[in-house]
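J.: sequence plus predicted model, see below.
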Amino acid sequence: MKVFFKKFKLLFIAIVFAGYAMISYSFVDNYFEVSKNLDIFATLFRELNIYYVDETNPGDLMKKGIDNMLSSLDPYTNFIPESEIEDYRYMTTGQYGGIGALVRQQGDYVIISEPYEGFPAQKADLRAGDKILKVNDIDVKGKKTDDISKYLKGQASTIIKLLIEREGEDKPIEKTINREEIKIKSVPYSGMITKNIGYIKLTGFTENAAGEVKSALLELKKNPELKSLIFDLRGNPGGLLKEAIEIVNLFEEKGTEIVSTRGKVKDWDKVYKGNNSPIDIAIPIAVLVDRGSASASEIVSGSLQDLDRGVVIGQRSYGKGLVQQTRPLSYNAQLKVTVAKYYTPSGRCIQALDYSHRNEDGSVDKVPDSLITAFKTKGGRIVYDGGGIAPDITVEPQKFSGILGSLITKNLIFDYATKYRIAHATIAPAKEFKITDAEYDQFSAFLANKEYDYTTKTEKALEEFRNDAKADKSIDLIGPDIDALKNKIMHNKKEDLVKYKAEIKQFLEEEIASRYYFQNGRLEASLKDDKEVEEAFALLNDSEKYTKILTTIGKADKPLYNADKLKDSKKPKEN
């Protein structure tokens, strides 16, 4: 065994060093450190597995060791074992084998939360709210969502049997479903949302995302009344770099610089330009972003902003300016490793967190104001690096009440939508659908015997004040006043159902619409009372304001950045 470990160790060191040497000669200086530490690790791993008092799981130990090592770098550098390759493939391609449905935990069982339109679950008439009792005759009571998900996924053209319980049915229903190759669309919805304004929702940058955006744009352009476009990147976590480049190229001339990357390995010092003929270089664009817009979403929104090609609306984006690449490892494993930072056309990197300088406790800080630099867009507007994409028009995020949060987390809106679907065979188109006041009263009655208590922010603050008073030993003096104040502000669920009726109705309508029109219906229903969309409407209907924003030099987001930095410089720094 010792001979085997010695040979394995030497071979492993040789392979690793050879790989480093092929990438760059600069790694030669690190050879001793690399070989020494690999030697230490190999001998430690061997001795631990031989002599530790209890039986060890070498694979589990190695996985934990690798994960902890990589966690000291950044959250995006990950080890992907062979067992997780299918999940990673889904993240990059949007494709997997299965029935095409979202599932969620509810009590001891897993239920169908949303079937995808046009895929096996919907074809077999599985509905949101259906409780899964058995999978292929296996009782799944007590199984978790991940367990059921693994059962449901599988190679295309294979059969799976489900026994489900459906509200309103006396007996369980058996479904035999043929699995298919499931390809989730990156553009779940597009269309004209006013007479002159088109809308495209992009949820990810998986393979062919650019093709889907192109198809949606060409379809919209068939309408001669199309005058402007809303491009919605909210909640889009990013994906493939090449898809982001091709999407910007749809709106910019061939040869325009879209993004550049810089890394330690010189092969990653690249400038990416549009390689194709654009679809439309003139149509006014409102790009919607929020805190969930990251990575490739920020490349698209940041590039369109830098090129003065569109107006960005919403909230500051996430701030991920790092590029990952997968590297093959032995035994079909992969390493997803951060290889470079990306830079928008003005030269800015929007990375918000500095992973190269960690605090003693391992935490990382945001890029400080003192290191934030000003850049210029194509037309001379001032933009900044180091903190995500700052919108040209900021819309405060919608804040929801405690009662709505409780109704959602307790699945009560979901459950009522299930009942509503049983009672109503059809509803109006999703764009037009609204529940009546009488139906809202029915929902309130449905809640009468349900548990959905919650604590308001004011109540939480008052409780913290009480605890502070106890710590200061002043509770005897002001305790009665705190109790009196608590009685005044104590929430009343019935009153809150009236007070927050508008926002509760909005979520009810979205959930109900999804039962009839699936993802498209949910999206269409959500656009009716959307603050960012309304802001986009106002802007795109005001060509003078749109043009002014794209030609105003010196627009700055003062609250976040150090204003003195600009005063001390004659002009913004250009990199």
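T.: Sure, I can see it.

J.: burial check on Lys131, number of neighbours?
T.: Burial measure for Lys131: 19 neighbouring residues, criterion other C-beta atoms under 10 Å. Every residue, glycine included, has its C-beta placed from N, CA and C.

J.: bridged to it, which residues?
T.: With beta bridges defined as DSSP bridges, Lys131 has these partners: Ile111, Glu165.

J.: phi, psi of Asn57?
T.: phi -110, psi 100 (degrees, to the nearest 10).

J.: repeat that for Ile389.
T.: Dihedral pair for Ile389: phi -90, psi 120, per degrees, to the nearest 10.

J.: and for Glu459?
T.: The phi/psi pair for Glu459 (degrees, to the nearest 10) reads phi -70, psi -40.

J.: could you do the one 5 residues further on as well?
T.: Geometry field for Glu464 lists phi and psi as phi -60, psi -40, criterion degrees, to the nearest 10.

J.: now for it: which residues touch it?
T.: Counting by C-beta atoms under 8 Å, 6 or more residues apart in numbering, Glu464 touches no other residue.

J.: got a pLDDT number for Lys494?
T.: At Lys494, the model reports a pLDDT of 84.

J.: what sits against it?
T.: Applying C-beta under 8 Å, 6+ apart, we find Lys494 in contact with Ser444.

J.: where does it fall, secondary structure wise?
T.: Remark: Lys494 resides in helix 493-499, with elements defined by DSSP states H and E.

J.: what residues sit buried inside the helix or strand following that helix?
T.: Where DSSP H and E defines the elements, the next helix or strand beyond helix 493-499 is helix 501-526. Of the residues in helix 501-526, those buried by neighbour count under the rule 16 or more other C-beta atoms under 10 Å are 503-526.

J.: likewise stretch 137-144?
T.: Of the residues in stretch 137-144, those scored as buried under the neighbour-count criterion (16+ other C-beta under 10 Å) are 140, 143.

J.: quick one: contacts of it?
T.: Contacts with stretch 137-144, where a contact means C-beta under 8 Å, 6+ apart, come from 105, 108-110, 132-134, 147-148, 151, 161, 163.

J.: of these - the most surrounded one?
T.: For those, the largest neighbour count, defined by other C-beta under 10 Å, is 26 neighbours, found at Val110.

J.: once you drop chain neighbours, what's closest to it?
T.: Sequence neighbours aside, Ile148 is the residue nearest to Val110 in space, at 4.3 Å (criterion: C-beta to C-beta, 6 or more residues apart in numbering).

J.: quick one: low-confidence parts of this protein?
T.: Of all residues in the chain, those with pLDDT under 70 make up the ranges 1-29, 486, 488-491, 553-575.

J.: please parse it into its domains.
T.: Structural domains assigned to the chain are 2-56, 95-183, 189-397, 402-454+491-537, 457-487, following automatic domain parsing.

J.: and these, which is most packed in?
T.: Per-stretch averages of neighbours, counted by mean count of other C-beta atoms under 10 Å, single out domain 189-397 among the domains of the chain, with a mean of 19.

J.: for the residue nearest to the spatial centre of the chain, give me its contacts.
T.: Centroid-nearest residue in the chain, with C-alpha atoms, centre = their mean: Pro237, separated by 3.8 Å. By C-beta under 8 Å, 6+ apart, Pro237 lies in contact with 204, 292, 294-295, 297.

J.: quick one: strands adjacent to the strand ranked longest in the chain?
T.: Once the chain is assigned using DSSP state E, the strand that runs over the most residues is strand 334-343. Partners of strand 334-343 in the sheet, by DSSP bridges, are strand 78-80 (antiparallel), strand 257-262 (antiparallel), strand 322-328 (antiparallel).

J.: now do the phi/psi pair for the residue nearest to Leu550 when sequence neighbours are not counted.
T.: Using C-beta to C-beta, 6+ apart and skipping residues adjacent in sequence, the residue nearest Leu550 is Asp308, 4.7 Å away. The phi and psi torsions at Asp308 (degrees, to the nearest 10) take the values phi 50, psi 40.

J.: OK, contacts around the residue lying closest to Gly94 once chain neighbours are set aside?
T.: Of all residues beyond its chain neighbours, the one nearest Gly94 is Thr206 (3.7 Å), with distances taken as C-beta to C-beta, 6+ apart. Neighbouring residues of Thr206 by C-beta under 8 Å, 6+ apart: 91-95, 184, 186, 239-240, 243.

J.: out of those residues, who's nearest Leu288?
T.: Minimum separation from Leu288 among these (C-beta to C-beta) is found for Ser186, which lies at 15.7 Å.

J.: residues near the closest one, how many?
T.: Tallying neighbours of Ser186 according to other C-beta under 10 Å, which is how burial is gauged here, yields 25.

J.: for the helix or strand containing Lys545, C-alpha coordinates in PDB please.
T.: With elements taken from DSSP H and E, the one containing Lys545 is helix 543-551. What follows is the C-alpha trace of helix 543-551 in PDB, where atoms were taken according to Å, rounded to 0.1, in the frame of the first residue of the first chain:
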ATOM      1  CA  SER A 543     -38.800  61.000 -26.100                       C
ATOM      2  CA  GLU A 544     -37.400  64.300 -24.900                       C
ATOM      3  CA  LYS A 545     -36.700  62.900 -21.400                       C
ATOM      4  CA  TYR A 546     -35.200  59.700 -22.900                       C
ATOM      5  CA  THR A 547     -32.800  61.700 -25.100                       C
ATOM      6  CA  LYS A 548     -31.900  64.000 -22.200                       C
ATOM      7  CA  ILE A 549     -30.900  61.100 -20.000                       C
ATOM      8  CA  LEU A 550     -28.600  59.700 -22.600                       C
ATOM      9  CA  THR A 551     -26.900  63.000 -23.400                       C
END
